[in-house]
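1. Here is a sequence together with a model predicted from it:
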There are 2 protein chains.
Amino acid sequence: MKRETDVVRSDIEIAQSAQLLPIREVAEKLGLTEQDIIPYGRDKAKIDLAARERHPRTATGKLVLVTAMSPTPAGEGKSTVTIGLAQALNRIGKRAVAALREPSLGPNFGLKGGAAGGGYSQVVPMEDINLHFTGDFHAITTAHNLLAAVIDNHLYQGNALQLDPNRMVWKRVLDMNDRALRQIVIGLGGKNGVTRESGFDITVASEIMAILCLVEDLTELKEALGRILIGYTYDKNPVYVKDLHVEGAMAAVLKHAIHPNLVQTLEGTPALIHGGPFANIAHGCNSLTATKMALQFGEYVVTEAGFGADLGAEKFFDIKCRKGNLQPEAVVLVATVRALKYHGGVSRKDLNIENLDAIARGFANLLHHVRIVERAGLPFVVALNHFTMDTQEELDFVRTLCKEHGFPVALTDVFAEGGAGGIELAEKVVYAVEHSTQTFHPIYDLQGSIRDKIEAICKDVYEADGVVFTDEARRQMIDCEKHGWGGLPICMAKTQYSFSDNPKAIGDAKGFVITVREIRPSLGAGFLVCLTGDIMTMPGLPKEPTALKIDINDEGNITGLF
Amino acid sequence: MKRETDVVRSDIEIAQSAQLLPIREVAEKLGLTEQDIIPYGRDKAKIDLAARERHPRTATGKLVLVTAMSPTPAGEGKSTVTIGLAQALNRIGKRAVAALREPSLGPNFGLKGGAAGGGYSQVVPMEDINLHFTGDFHAITTAHNLLAAVIDNHLYQGNALQLDPNRMVWKRVLDMNDRALRQIVIGLGGKNGVTRESGFDITVASEIMAILCLVEDLTELKEALGRILIGYTYDKNPVYVKDLHVEGAMAAVLKHAIHPNLVQTLEGTPALIHGGPFANIAHGCNSLTATKMALQFGEYVVTEAGFGADLGAEKFFDIKCRKGNLQPEAVVLVATVRALKYHGGVSRKDLNIENLDAIARGFANLLHHVRIVERAGLPFVVALNHFTMDTQEELDFVRTLCKEHGFPVALTDVFAEGGAGGIELAEKVVYAVEHSTQTFHPIYDLQGSIRDKIEAICKDVYEADGVVFTDEARRQMIDCEKHGWGGLPICMAKTQYSFSDNPKAIGDAKGFVITVREIRPSLGAGFLVCLTGDIMTMPGLPKEPTALKIDINDEGNITGLF
């Protein structure tokens, strides 16, 4: 999250001036030895999956999910709060670990910038984490494109499997914002393979990214890769990676990528950063292996999920926690004065003007997110994340509204103050965990039909009046159930700005129906993607891309990344 | 190089059973401390470029180039001899370092396999070096495609520079053998940018790869990136990267890639492996920084250049040595009984049958390569690289032929015996270096016209009767000189199987003319690529790709890589 304020030092300046602990010492905080870590430079490492067996523990850490109200286009600082809360928990004597997603490289060159927290709540080395890090995304890109090359080679070399070139669903990926690659024709020139339409997605949209985040060892990885649906034959029968026998090579390419990455926050708190699937066409959480390792070696684990509770938290509960038998113990709901005003109807340019009425209206959005968290049986704390332009009256007013509803609320200023700005939040989170009598459960059952599950999410989570399926989606549901894929969980792809499928229906939208236009089976990842509205899987660059401002000097210091 | 023999253990089995020194200890052999190296895992590291200033040395190492006679399609084991010779030099008491190219990832999944030496003369960890290694090629892919995305974004966002979409010369790259991407149409769909023809090359063909191998620091890198020609305006004026202001971001992406990589051979000899430009449309040598570092920290540096002396050595002398003021002291010319028979007219399937007459005929090919080396003013040793099917009579006959010509010759069996199989070669190389009275000089002057330089290479090196330029090539030469690019060296792109531009004209082809069909300015790298014949810049996969045989088990052991 980026802060539009008068703070003098940029994120990258703060990050570059930090004194980092040798990564060995960060590992020691988790009880890990040199044998357990594979260094990448002096301040990054992978934790060998074998460390799990080397250091068995009976107790498990407490899992806290950071989610948010519906965001504004600028973001509400969820990653920053996640990192700041982990730092704050350490300050109050809890051995805390942050479990985060790896940022995508492509968006660094566009508008959005990196994703390593902000201000004094960042993970470091910030530039490395935002650029190549330990190469996981490059490995995913390679495995993905290896499969694509093998598919097109199969078409070219006689097509023994009788693949229908017009029914291939596997595209290619690059970790780059490159709109010109969205829709392309390949195999031109008369001798360069079968000419067909295809395209590139951004790497975080690769199904392999989602797979890497949901498997726990190489054997499971290989099985999941083998299950990937690549397309259909002329007879309309599904064809899987295992029919091409390429899952072994793909898994070999991912040999190192499967191990979680260890870095530190600006305050030396261990952070496991691993995997980063899109929060729309995938489930939007860091890897299960990283979260479980953090739970094995830490006392409190603070993790996050993409977008608001309607998308990120729902998928965290129903896909990740269900797959991994995780038991989250509390939720932090990030709210900001700005987002409350935005969802109260204030235009983006007026968000810096005090407006208590708008906050009161926008509070309905937060209330809806609270209902979602309560539906999963979890206690929560509202983190009111401070931005410089917020007035004291506005902050007090939000606190008052929360208190009127009986919500635990904490003002956080982890951006400006680091962990010290999150002590109140940390204390309330610990209280919630220690005093909770609720128990977590997924929001819907897997047993029902695909339609049942989609309706459960739309009605119970989004509070829609109903669901409409296009003819195509209806046909695809029938096909999926016919092929035996009906028992999988649903991965909703919906705008993050509204509970509805219309990004302009802000606040707590009511009286809407959700239109489902496509069901896309991610059989390797183990879910059915349900697409509503327009979902972008390859971003473009803006008119003035950040790439034109990024620079590096002869000493290797990068400027212009943010 | 892969050996078609009855050797029981495969390259990967030998490599996996090796006991590797901690990379710290390998660095110590070069006089480097922990401060100088950036670890990547336990057995790979980058050497910080700053180590050059930290450990100044007055003496410089002796540079030995390993090149070869014209190869057979299976390769003659040049990398294996390079690694074996470095091991052998260490065995006779010379502190030797190997300076090698990084293998391309893509070909591992095709037919060719990896490129980390063979048998008991390999660099290790073999799988890592062949797959992602330290991420250099991924960084190059990213920097290359970032530029492509910025170019297409510029076309889309108003095209202020008036770029002509039909005159853009910058394509995209992937480190994958993927023929379907050779020729594509991008920007389809009506809202995804400007529709135009384009394509992907393999990453080793990226001009950025060549640049990385010819610059010595980040400042020089950024300047070279800024000079890259991306295309022309509607008015046919050249447009450079610096006109788009993206060289800073590209250099930032290459921040780590610029530092040479340190690994070890199976005998613990330090090996600097850095960069790997194509030996046809680029100059085919490892990075200048790695070679110079090796010279600074080692006593003998054994390096190689792609293909035979007509291509690799010529470009090593005229491009790399000229750019870096390198003074090579001796050349090793790798010859094999198989290649001598092949160039004596024996078909590939009969290469295992003893044939002294064919060897006598094929010897003319080796003689021509000797003339090329002598033209550069360098002493040489012929390394007769032993393959299992060679008969004693054949080996003796080659020795006899060499002695008749007064050529120093050594039988090497570094594949089966490691450094012990290269002692004779090592001793003769040391003798050549210590007793040489010749001095190295490039083969042609930079002063002449483009035509003069091309003719010098074709007549003096290839011994062609003449050069024919297509109309297009003639126009391009005029354009290049008009734009002030005429003073650059020439980078010939020609088949490696013949001195002519016809791969079937084996042996010591005579009475041919070279047809130059295109001049492609690589202004960032600082040379003009002169294309003759068909040059493939994106390989395809074969009918039975290796990818279908590669596997990995739950412990992370890879099989099927070779």
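-> That came through, no problem.
2. what's the spacing between the residue nearest the centre of chain A and chain B?
-> The residue lying closest to the centre of chain A (Cα atoms, centre = their mean) is residue A:284, at 2.8 Å. From residue A:284 across to chain B, the span is 23 Å (Cβ to the nearest Cβ, to the nearest Å). C-betas here are computed from N, CA, C, even on glycine.
3. can you check residue A:227 too?
-> 17 Å.
4. so that residue touches residue A:522, yeah?
-> No. At 9.5 Å, residue A:227 does not count as touching residue A:522 under the criterion of Cβ atoms under 8 Å.
5. between the two, who's got more neighbours?
-> residue A:522 (24 against 19; other Cβ atoms under 10 Å in any protein chain shown).
6. With adjacent residues omitted, what lies nearest to the more buried one?
-> Nearest non-adjacent residue to residue A:522, counting by Cβ to Cβ, 6 or more residues apart in numbering or on different chains: residue A:207, 5.0 Å away.
7. surely the one you found meets residue A:525?
-> Yes. At 5.4 Å, residue A:207 counts as touching residue A:525 under the criterion of Cβ under 8 Å.
8. Find residues that contact each of the two.
-> residue A:282 (Cβ atoms under 8 Å, 6 or more residues apart in numbering or on different chains).
9. The residue nearest to residue A:485 when sequence neighbours are not counted: neighbour count?
-> In space, and not counting its chain neighbours, residue A:485 is closest to residue A:521: 5.5 Å by Cβ to Cβ, 6+ apart. By other Cβ under 10 Å, the residues close to residue A:521 number 22.
10. And the host helix or strand of residue A:521, what does it pack against?
-> Secondary structure assigned from DSSP states H and E places residue A:521 in strand A:518-522. Helices and strands touching strand A:518-522, as assessed by 3 or more Cβ pairs under 8 Å, 6 or more residues apart in numbering or on different chains; DSSP states H and E, comprise helix A:471-482, strand A:527-531.
11. and of these, who's closest to residue A:406?
-> strand A:527-531 (34.2 Å; Cβ to Cβ).
12. average pLDDT across that closest one?
-> For strand A:527-531, mean pLDDT rounds to 97.
13. what do you get for stretch A:247-254?
-> 98.
14. Off-centre distance for it?
-> The chain centre lies 24 Å from the centre of stretch A:247-254; the measure is Cα atoms, centre = their mean, to the nearest Å.
15. residues from the stretch 151-300 of chain A in reach of chain B?
-> When proximity is defined as Cβ under 8 Å from any Cβ of the partner chain, the stretch 151-300 of chain A approaches chain B at A:152-153, A:156-158, A:172, A:174-189, A:192-194, A:197, A:217-219, A:222, A:244-246, A:248-249, A:251-253, A:255-256.
16. picking that back up, okay, the strand holding residue A:521 in PDB with CA atoms only?
-> Output of strand A:518-522 as PDB, limited to C-alpha atoms (Å, rounded to 0.1, in the frame of the first residue of the first chain):
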ATOM      1  CA  GLU A 518     -18.000 -19.000 -16.900                       C
ATOM      2  CA  ILE A 519     -16.900 -22.000 -14.900                       C
ATOM      3  CA  ARG A 520     -13.200 -22.700 -15.400                       C
ATOM      4  CA  PRO A 521     -11.800 -25.900 -13.900                       C
ATOM      5  CA  SER A 522      -8.500 -25.600 -12.100                       C
END
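17. Flag the shaky bits of chain A, pLDDT-wise.
-> A:1-8, A:112-114 (pLDDT under 70).
18. and if we set it to 80?
-> A:1-8, A:111-115, A:562 (pLDDT under 80).
19. Tell me who's in contact with the residue located most distally from the centre of it.
-> Relative to the centre of chain A, and counting by Cα atoms, centre = their mean, the farthest-placed residue is residue A:190 at 41.6 Å. By Cβ under 8 Å, 6+ apart, the contact set of residue A:190 is empty.
20. Restricting to C-alpha, output stretch A:177-196 in PDB.
-> Output of stretch A:177-196 as PDB, limited to C-alpha atoms (Å, rounded to 0.1, in the frame of the first residue of the first chain):
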ATOM      1  CA  ASN A 177       2.300  -6.100 -17.500                       C
ATOM      2  CA  ASP A 178       2.000  -6.600 -21.300                       C
ATOM      3  CA  ARG A 179      -1.400  -6.000 -22.800                       C
ATOM      4  CA  ALA A 180      -0.200  -6.700 -26.400                       C
ATOM      5  CA  LEU A 181       0.200 -10.400 -25.300                       C
ATOM      6  CA  ARG A 182      -3.300 -10.800 -24.100                       C
ATOM      7  CA  GLN A 183      -4.600 -12.100 -27.400                       C
ATOM      8  CA  ILE A 184      -2.200 -13.400 -30.000                       C
ATOM      9  CA  VAL A 185      -2.000 -15.800 -32.900                       C
ATOM     10  CA  ILE A 186       0.900 -18.300 -32.700                       C
ATOM     11  CA  GLY A 187       2.500 -20.800 -35.000                       C
ATOM     12  CA  LEU A 188       2.500 -18.500 -38.100                       C
ATOM     13  CA  GLY A 189       5.000 -18.800 -40.900                       C
ATOM     14  CA  GLY A 190       3.800 -22.100 -42.400                       C
ATOM     15  CA  LYS A 191       6.500 -24.200 -40.700                       C
ATOM     16  CA  ASN A 192       6.300 -23.100 -37.100                       C
ATOM     17  CA  GLY A 193       3.600 -25.400 -35.800                       C
ATOM     18  CA  VAL A 194      -0.100 -25.300 -35.800                       C
ATOM     19  CA  THR A 195      -1.500 -21.800 -36.200                       C
ATOM     20  CA  ARG A 196      -4.000 -21.000 -33.500                       C
END
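21. Pull the distance from that stretch to the chain's centre.
-> That offset, for stretch A:177-196, works out to 30 Å (Cα atoms, centre = their mean).
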